[in-house]
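1. Return atomic coordinates for the entry below.
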Amino acid sequence: MGTTPAPREIRVEIGELVLDGFRADPDRVSAAFEDELTRLVRERGVPADGPWTADVLSGLSPLPAGLSARRLGQELARAVHEGLCGRGEVTS
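-> Down below sits the predicted model:
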């Protein structure tokens with residue numbers, strides 16, 4: 001009878017996020033970011049050999065200024081997830 005390992009906690013801290021040129025509500029961007037990153041980690045996971053220091057958002061392609069808060073949060077979360085999975089600019 002195998003036991004399922006307890007879920008690991010993943011903590012992402014963002015020191016500062018500056019969204020120049022966007023009119024989106026920062027609270028809604030933050031909520032969409034958290035929802036999307038949670039979904040991505042649950043569905044796709046992240047490598048177990050952390051911890052990581054990720055500077056993934058500095059290499060993000062330009063985004064249209066008219067994005068909704070939801071879409072902007074989702075795009076930012078996808079960039080962070082890619083960095084955590086080794087597909088972005090990551091240092092350890």
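2. all helices of the chain, in order?
-> 26-44, 69-84 (DSSP state H).
3. Out of the ones you listed, which is the most enclosed?
-> Ranked by mean neighbour count under mean count of other CB atoms under 10 Å, these are led by helix 69-84, which reaches a mean of 21. C-beta here means a position set from N, CA and C on the backbone, and glycine is covered the same way.
4. Next, the angle helix 26-44 makes with that one.
-> 50 degrees (axes from the mean of the first three to the mean of the last three CA atoms, to 10 degrees).
5. Helix 69-84 packs against which elements?
-> In this structure, helix 69-84 packs against helix 26-44, strand 53-54, with contacts taken as 3 or more CB pairs under 8 Å, 6 or more residues apart in numbering; DSSP states H and E.
6. And the average pLDDT for it is what?
-> For helix 69-84, the mean per-residue pLDDT is 88.
7. Distance of residue 43 relative to residue 75?
-> Going from residue 43 to residue 75 by CB to CB, to the nearest Å gives 17 Å.
8. got it, and residue 67?
-> Distance of residue 67 to residue 75, computed by CB to CB: 7 Å.
9. Ranking helices and strands of this protein by mean pLDDT, which lands last?
-> strand 90-91 (a mean of 44; mean pLDDT, DSSP states H and E).
10. dump the residue contacts of residue 71.
-> Applying CB atoms under 8 Å, 6 or more residues apart in numbering to residue 71 gives the contacts residue 32.
11. And for residue 39?
-> Counting by CB under 8 Å, 6+ apart, residue 39 has no contacts.
12. Quick check: it vs residue 66, distance?
-> Distance check for residue 39 against residue 66: by CB to CB, it reads 24 Å.
13. Could you do residue 82 as well?
-> 23 Å.
14. Ends of stretch 17-33, what's the gap?
-> 12 Å (CA to CA, to the nearest Å).
15. Any figure for the gap between residue 39 and residue 18?
-> Separation of residue 39 from residue 18 (CB to CB): 25 Å.
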